[in-house]
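**Q** One predicted model, sequence on top.
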Amino acid sequence: GLLIATFLTLFILPILYLVFEQKSEIKMNKNAILTVFLLLGTATSFSQNKMTLEQALNIGISNNIQLKTEKQKVEAAKVLIRSANEVPSLNLVGEIGQLNSAYTDNRFGVSQNISFPFVNAKRKEWFEKREEMAQMNYKFSENAIKKEITQAFYDLVIVTEKEKVMKQTDSIFAAFIQKANLRLKYGESNALEKSSAELYMVKIKNQVKLIQEEKFRVVTQLQYLLQITEQIEPIYKSAKIESLPSQDFVSNNVALQLLVLEKQANTSVLKVEKSALIPDVSVGYFSTTMQGTGADNNFYGKNDRFQSFQLSLGIPVFNSANRARQKAIQMNATILTDKTTMQQQELQKIWNTYSLKQVNNQEVLTYYETVVLPNTNSIIANANKQILNGDINFMEWSWTMNQALEAKSDYFDKIQSYNNNIIQILYFN
């Protein structure tokens, strides 16, 4: 951005001023102006395509449709918590007719069922656990998309580094062919050496094309994961992944945490079912007329009203269905406990396998970085000197160069194995 702003200030604005304000004095070449704008557009497009892993993860998470759906499920679960304190409907009663005597009387009343406070508290606890499970499901899906993006990003890094090695190989053999032509011209070599080099050059160019095809495939996959159409160029300090899994891999595992939440939610459901056996309380108020002579020998007309209050208990005598549900929930608790134990054992086995492979991968990389790679540059330089001095022939030179350059390519294969091992654990669900 800073470079583009400087470019605009120093070049584009003065050119525009000269074109539009001083047409009569200075005539600019239109093609030159067009070239400048094309260069500026190219620079802008390149600056938009570069991104770090963190930027790629942020874009992928914000654009992923599945994650948006899971986020909505979390919000829906949060809203549902407010439904725990549900108040039953208010009952209105009205009667008219010969209720007490031959006279026509009327009766009106209102009643309300009331739940005990702890009943709603149990229901709220269950809804809160469901909301926590929705959040954990979101994290589960987020881990899955992070894993795919990280895998594709570092696959792109590796294929980019391999492309550099193949281009270096192409440059070395292209330079050799030029020298071989001169040697042939002055009679220092034969046509066989030149033809062999050109044949090997064709093989190298085919390998470069294969690398570029693989790079296109990886870029396309990363574009799909990020839901973008622009070309992507990774920004990275090292081809090796920087993040490492936590030592608390087992306890922090999302699937295991989800099982723990399921157990807690199962306990909450059991409490809700048990609370359903608590008697329902209903209170009511009624007002009625009683026309005629009362027990006190007084006559009461239609304008005289009598009030009463009602308190009732609804006792769940026939509760076999509820008891069956409780038993099923208790059986499910045992199943979840067994699943949790199995999950812990499986995760521990996976961690042990990862740790062993991580040690082996690190040893291999250390050997390459301390022994193999430092030697490849000196091997390439010595081989070039020896073939120019006539100490070795083309077959010996090409075999030596091939071994040295393959060692560089193999190094990135080892890094890819190292990265894959970490990525599998880093976002393991």
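**A** In hand now; what should we look at?

**Q** following the helix or strand bottoming out on mean pLDDT in the chain, which helix or strand comes up?
**A** With mean pLDDT, DSSP states H and E as the measure, the helix or strand of the chain carrying the lowest mean pLDDT is helix 30-49 (a mean of 48). Read in the C-terminal direction, the helix or strand following helix 30-49 is strand 50-51, with elements assigned using DSSP states H and E.

**Q** from the chain's centre, how far out does the helix or strand just after that next one sit?
**A** Read in the C-terminal direction, the helix or strand following strand 50-51 is helix 53-63, with elements assigned using DSSP H and E. Taking the mean of its C-alpha atoms, helix 53-63 sits 8 Å from the chain's own mean (Cα atoms, centre = their mean, to the nearest Å).

**Q** Averaged pLDDT, helix 53-63. What do you get?
**A** Here the mean pLDDT over helix 53-63 is 94, rounded to a whole number.

**Q** just the CA coordinates of that helix, formatted as CSV?
**A** Output for helix 53-63, consisting of C-alpha atoms alone and laid out as CSV, is shown next (Å, rounded to 0.1, in the frame of the first residue of the first chain):
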residue,chain,number,x,y,z
LEU,A,53,-2.3,-18.6,7.3
GLU,A,54,-4.0,-16.5,10.0
GLN,A,55,-5.6,-14.3,7.3
ALA,A,56,-6.7,-17.4,5.4
LEU,A,57,-8.3,-18.9,8.5
ASN,A,58,-10.2,-15.7,9.2
ILE,A,59,-11.5,-15.5,5.7
GLY,A,60,-12.5,-19.2,5.6
ILE,A,61,-14.3,-19.0,9.0
SER,A,62,-16.2,-15.8,8.0
ASN,A,63,-17.3,-17.2,4.6
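
**Q** which secondary structure elements does that helix contact?
**A** Under the contact criterion of 3 or more Cβ pairs under 8 Å, 6 or more residues apart in numbering; DSSP states H and E, the helices and strands touching helix 53-63 comprise helix 117-185, helix 191-226. For every residue, glycine as well, the C-beta is placed using N, CA and C.

**Q** so which of the ones you listed comes closest to residue 274?
**A** Evaluated with Cβ to Cβ, these place helix 117-185 nearest to residue 274, the distance being 8.0 Å.

**Q** quick one, the closest one and helix 53-63 angle?
**A** 130 degrees (axes from the mean of the first three to the mean of the last three Cα atoms, to 10 degrees).

**Q** to the chain's geometric centre, what's the distance from helix 117-185?
**A** Taking Cα atoms, centre = their mean, the mean C-alpha location of helix 117-185 is offset from the chain mean by 11 Å.

**Q** Could you list every helix and strand in contact with that helix?
**A** Helix 117-185 is packed against helix 53-63, helix 65-81, helix 191-226, strand 233-234, helix 254-275, helix 373-389, helix 394-426, with contacts defined by 3+ Cβ pairs under 8 Å, 6+ apart.

**Q** Now do that helix, average pLDDT.
**A** Averaged over helix 117-185, pLDDT sits at 87.

**Q** going forward can the numbers begin at 31, since that is how I track them
**A** I'll keep to 31 as the first residue from here, and by that count the last item is helix 147-215.

**Q** and the helices and strands packed on helix 83-93, which is most packed in?
**A** Per-stretch averages of neighbours, counted by mean count of other Cβ atoms under 10 Å, single out helix 147-215 among the helices and strands packed on helix 83-93, with a mean of 18.
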